[in-house]
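Undergrad: kindly return the folded structure for what I paste below:
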Amino acid sequence: MELNLSRPLLFFDIESTGLSIATDCIIELSFVKVFPGGEQRIKTWKIRPWDYARGVQRHIDEKASAVNGVHDEDLVDCPLFADVVDEVCEWLSDSDLAGFNSAKFDLPMLAEEIERVREYTGKKIDIDLHSKKMVDVQNIYHFMEPRNLKAAYRFYCGGKDFENAHTAEADTIATYEVLKGELDMYPEDLKNDVDFLSGVGGRPKTVDYAGRLIMGENGEPVISFGKHKGRTAREVYQSEPSYFAWVLGGEFTLDTKRQFKELKARFDKEKSAAAAAPPSDDALQSLADKWNGRLF
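TA: Model (predicted):
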């Protein structure tokens, strides 16, 4: 079944130096962009992983090399992510997103690389990944038939294995084929619609990709870890504003820090506006009652 699209859907996969979103880097990024009508465009970048703070190439963990087959010396002549970020964002600009386990790893890693370029180079990047719909094919797969990408391809794509597993381009193309196979197999359970598919699996809506903030039922961001777990960010700001400074100075991803920083700026602005507003009749009456009916 071909996808029913009203705008492009960008399938993507990342290979990296390791599994830490906060400290590891992208070494390979592949996009398969599917347009309404079925046209496909493919783009893959080999990227030199870079420690912007120290100005050196970041080492690829041996365990990662054992999986993706890429070693430090393979990337010394490749561009940095900062060199290709404009082209990457051009591919991203008009698309919704899709991938396999990408909501938990690839998308946060991509967002972190963009934040590093913003943070360390001062480059203006006009992209908001949080505004895009994300179809995680693994969520649909695990919701319907819990397993992994190789098994999913075998299960949904005619019982065969795909070649070059664990290369970004092969994994990305396989993910696209698996999603079409899922739609063919579950026509009564799945809608051929990105809005529906992006919500399969029931994962809570996160404010930041690391999931330190989740969206509460009333639309208020809620802290999901530590001593303030379950409290809204607004409540914590009112009772312990120094907590925001602790997050901004701690070992959290740049995306998490960015979301806390934006919340703090919003709450500061609301507080200043409230302080500048004239007192309400209820506030005046409460003050009068406190002073036995006399204000002056």
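
Undergrad: which stretches of the stretch 1-150 of the chain form helices?
TA: Under the criterion DSSP state H, counting those that start in this stretch, helices of the stretch 1-150 of the chain are mapped to 62-68, 81-92, 107-121, 137-144, 149-156.

Undergrad: which strands and helices sit next to the longest one?
TA: Yep, that's helix 107-121 we're talking about. Here helix 107-121 is seen to pack against strand 9-16, strand 26-34, helix 81-92, helix 254-276 when contacts are counted using 3 or more Cβ pairs under 8 Å, 6 or more residues apart in numbering; DSSP states H and E. Every residue, glycine included, has its C-beta placed from N, CA and C.

Undergrad: hmm, 10 Å instead?
TA: Packing partners of helix 107-121 (3 or more Cβ pairs under 10 Å, 6 or more residues apart in numbering; DSSP states H and E): strand 9-16, strand 26-34, strand 50-51, helix 81-92, strand 96-99, helix 254-276.

Undergrad: next, the angle strand 26-34 makes with it.
TA: 120 degrees (axes from the mean of the first three to the mean of the last three Cα atoms, to 10 degrees).

Undergrad: and helix 107-121, how far from the chain's centre?
TA: 11 Å (Cα atoms, centre = their mean, to the nearest Å).

Undergrad: same question for that helix, mean pLDDT?
TA: What helix 107-121 shows for mean pLDDT is 95.

Undergrad: over to stretch 69-80?
TA: 97.

Undergrad: which other residues reach it?
TA: Residues from elsewhere that reach stretch 69-80 (Cβ atoms under 10 Å, 6 or more residues apart in numbering): 15-17, 25, 27-28, 45-50, 52, 57-60, 62, 64-65, 84-85, 87, 113, 116-117, 121, 164, 166-168.

Undergrad: do stretch 177-195 as well
TA: Counting by Cβ under 10 Å, 6+ apart, 1-7, 9, 11, 34, 96-100, 133-138, 140-141, 143-145, 149, 151-158, 162, 196-197, 200 sit against stretch 177-195.

Undergrad: which of the helices and strands packed on helix 107-121 has the lowest mean pLDDT?
TA: Among the helices and strands packed on helix 107-121, helix 254-276 scores lowest, with a mean of 91.

Undergrad: circling back: now render the helices and strands packed on helix 107-121 as CSV, adding mean neighbour count and distance to Thr206.
TA: Formatted as CSV, the helices and strands packed on helix 107-121 follow (neighbours: other Cβ atoms under 10 Å; distance: least, Cβ to Cβ, whole Å):
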stretch, mean neighbour count, distance to Thr206
strand 9-16, 25, 18
strand 26-34, 22, 21
strand 50-51, 18, 27
helix 81-92, 17, 19
strand 96-99, 24, 14
helix 254-276, 15, 9
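
Undergrad: all set now, cheers.
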